[in-house]
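Participant: only geometry, no sequence info:
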Ligand code: KG4
């Protein structure tokens, strides 16, 4: 079964062709990072305009790379939300146009289901499992009894992890998106600043990162005012140590509580080297841990093609051409 995956929920225009929910025949990603870098973050209006400029070429390239014809596609899977509404509208309409032109069935896919199913490309997903989803807009702990059965057990009460990374990076003068830069510098520094580990006292599996983010900002601000030198590498290492300790320990705690052996990690922040290292270091062979390779961690259409394949297998309910984009959408 050949699925055409289409994604643009933020600042990447991506089209992919995936065979049988596993084999990625093409995965073209046009990133707008260079365009938004000078603004220190994504400007939604500029993002949607650039999706319009790029989308046709990205479609064409995906077919060229996969060496197949549009007529060969069996199903179109497109990100319907959540995300920036202008960005989503461009691809939802592009995917619907393709479906109409070639008379192909279409389904709308949840962006976060896409991140989770990025794990099915290089590994076999095993159930039941606990998924830690960490991206620029979301931080969630999800219990999955089986394919497409999502139960959100915990989520952030304030900032998403990726958002906290990007804000910390900005304060210490690193370019957007800051996550990869903080990660790199963290590996050149030591955890010497005494930053808080926020576990929340209500015993829940929720997260909070705004206090940690403010602690870094205040520390930096006070040092600047006093004319003291800030060791940026050590500050990044301390921030990363605090974030990864809480993420990893809470994920293990939930896996133990639910009595599951399988853990999957997903979303842009799953590209973080420090997070991977801590998961491996603290595992002691207790759990099977799956983390996608970096190219499938951040936004891409292959993950949407894979999620679309499993969504259709679990419930072959198709959308029609009234399918619309939605900025806020619960993972059901
Ligand atoms: O999943 P994603 O590509 O987009 C969303 O759906 O949000 O995630 C983007 C986020 C950004 O906040 C970026 O800074 C973060 O993922 N990120 C990282 C790393 N690579 C990307 N954060 C920490 N360490 C990384 N290596």
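Facilitator: Arrived safely. From a predicted model like this one, the values you see are computed outputs, not experimental measurements.
Participant: element containing residue 309, please.
Facilitator: Secondary structure assignment for residue 309, by DSSP states H and E: helix 302-314.
Participant: Centre of the chain to that helix, how far?
Facilitator: 16 Å (Cα atoms, centre = their mean, to the nearest Å).
Participant: That one - contacts with which helices or strands?
Facilitator: Helix 302-314 sits against strand 2-7, strand 12-19, strand 23-31, strand 75-81, strand 106-110, helix 111-117, helix 119-122, with contacts defined as 3 or more Cβ pairs under 8 Å, 6 or more residues apart in numbering; DSSP states H and E. From N, CA and C alone the C-beta is placed, and that goes for glycine too.
Participant: Run through who's touching it.
Facilitator: 1, 3-7, 14, 16-18, 20-22, 24, 27, 75-79, 107, 109-111, 113-118, 120-121, 147-148, 296 (Cβ atoms under 8 Å, 6 or more residues apart in numbering).
Participant: and it, which residues are buried?
Facilitator: Neighbour counts over helix 302-314 (16 or more other Cβ atoms under 10 Å) mark 302-312 as buried.
Participant: quick revisit: from the contacts of helix 302-314, list the buried ones, please.
Facilitator: So, by 16+ other Cβ under 10 Å, the buried ones in the contacts of helix 302-314 are 3-7, 14, 16-18, 21, 24, 27, 75-79, 107, 109-111, 113-118, 120-121, 147-148, 296.
Participant: quick one, what contacts the residue in the stretch 201-332 of the chain positioned nearest to the ligand?
Facilitator: The nearest approach of the stretch 201-332 of the chain to the ligand comes at residue 268, 2.0 Å away (Cβ to the nearest ligand atom). The contact partners of residue 268, taken as Cβ under 8 Å, 6+ apart, are 134-136, 162, 177, 179, 297-299.
Participant: of those residues, list those near the ligand.
Facilitator: 135-136, 162, 177, 179, 298-299 (Cβ under 6 Å from any ligand atom).
Participant: Which residue, other than its chain neighbours, is closest to residue 110?
Facilitator: Distances taken as Cβ to Cβ, 6 or more residues apart in numbering place residue 331 nearest to residue 110, at 5.5 Å, with adjacent residues excluded.
Participant: ok, back up a step: now check the helix holding residue 309, is it near the ligand?
Facilitator: No. Remark: helix 302-314 sits outside contact range of the ligand, by Cβ under 6 Å from any ligand atom, the gap being at least 9.5 Å.
Participant: and the helix or strand harbouring residue 97, is it in reach of the ligand?
Facilitator: Taking DSSP H and E as the criterion, residue 97 maps to helix 85-102. No. Shown here: helix 85-102 not in contact with the ligand (Cβ under 6 Å from any ligand atom), separated by at least 10.9 Å.
Participant: May I ask you to confirm that residue 175 belongs to a helix?
Facilitator: No. Counting by DSSP: H, G, I helix; E, B strand; the rest coil, one finds residue 175 to be coil, located in no helix.
Participant: which residues touch it?
Facilitator: Contacts for residue 175 were tallied using Cβ under 8 Å, 6+ apart; they are 37, 169, 181.
Participant: Tell me how many other residues surround residue 225.
Facilitator: 8 (other Cβ atoms under 10 Å).
Participant: what's near enough to touch it?
Facilitator: By Cβ under 8 Å, 6+ apart, residue 225 has no neighbours at all.
Participant: List, out of the contacts of residue 175, those positioned next to the ligand.
Facilitator: Checking the contacts of residue 175 against the ligand (Cβ under 6 Å from any ligand atom), there are no matches.
Participant: Just the buried ones from the residues you listed?
Facilitator: The neighbour count (16+ other Cβ under 10 Å) marks 169, 181 as buried among those.
Participant: so residue 156 bridges to which residues?
Facilitator: Beta-bridge partners for residue 156, by DSSP bridges, are residue 207.
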